[in-house]
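In: sequence below, structure please.
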Amino acid sequence: MATTGEPNETPLDLTSCPDCGAVAQVTERAVLDSTAGPVEHVRVVCLSRHWFLLPASSLTSGSAAGRPARSTARSTSRADPR
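Out: Take a look at the predicted model:
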């Protein structure tokens, strides 16, 4: 893969794993309906390959928790998080 020297458009959205505390990446954001109104959820994958779908408000990183959802549409494709 050739690199163009351009900076990556989307910086990594990092937090810590709720299970083991290792570095984890927020790989997906979506707003899901609830009885109390819409709630932003995030998919988190850590270096130990744990993954979670949880409310964004429960993230430990302030920058990761405060980032807006990219889209409210659900993706039907499944990418390998490796």
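In: all contacts plus neighbour counts: C-alpha atoms, from now on.
Out: OK.
In: how many neighbours does residue 19 have?
Out: For residue 19, the neighbour count with other C-alpha atoms under 10 Å is 11.
In: skipping its backbone neighbours, what lies nearest it in space?
Out: residue 50 (7.6 Å; C-alpha to C-alpha, 6 or more residues apart in numbering).
In: now swap in residue 46 and tell me
Out: residue 24 (3.8 Å).
In: partners of the one you found in the sheet?
Out: residue 15, residue 46 (DSSP bridges).
In: list the contacts for it?
Out: Shown in contact with residue 24 (C-alpha atoms under 8 Å, 6 or more residues apart in numbering): 14-17, 44-47.
In: which helix or which strand is home to residue 30?
Out: Per DSSP states H and E, residue 30 falls inside strand 23-32.
In: now do the helices in the chain.
Out: 62-66 (DSSP state H).
In: for it, which spans come out with low pLDDT?
Out: Applying pLDDT under 70 to the chain flags residues 1-10, 61-82.
In: switch to 90 and redo it
Out: By pLDDT under 90, the low-scoring segments of the chain are 1-12, 60-82.
In: which stretches of it form strands?
Out: Applying DSSP state E to the chain gives strands spanning 14-16, 23-32, 39-46, 51-55.
In: distance of residue 57 from residue 30?
Out: For residue 57, the distance to residue 30 equals 13 Å [C-alpha to C-alpha, to the nearest Å].
In: need the overlap of contacts for the two.
Out: Listed as contacting both residue 57 and residue 30 by C-alpha under 8 Å, 6+ apart are residue 40.
In: which one's more surrounded, these two?
Out: Between residue 57 and residue 30, counting by other C-alpha under 10 Å, residue 30 is the more crowded of the two (22 against 15).
In: I'd assumed residue 54 was in contact with the more buried one.
Out: No: contact status for residue 30 versus residue 54: not in contact, 10.3 Å apart, counting by C-alpha atoms under 8 Å.
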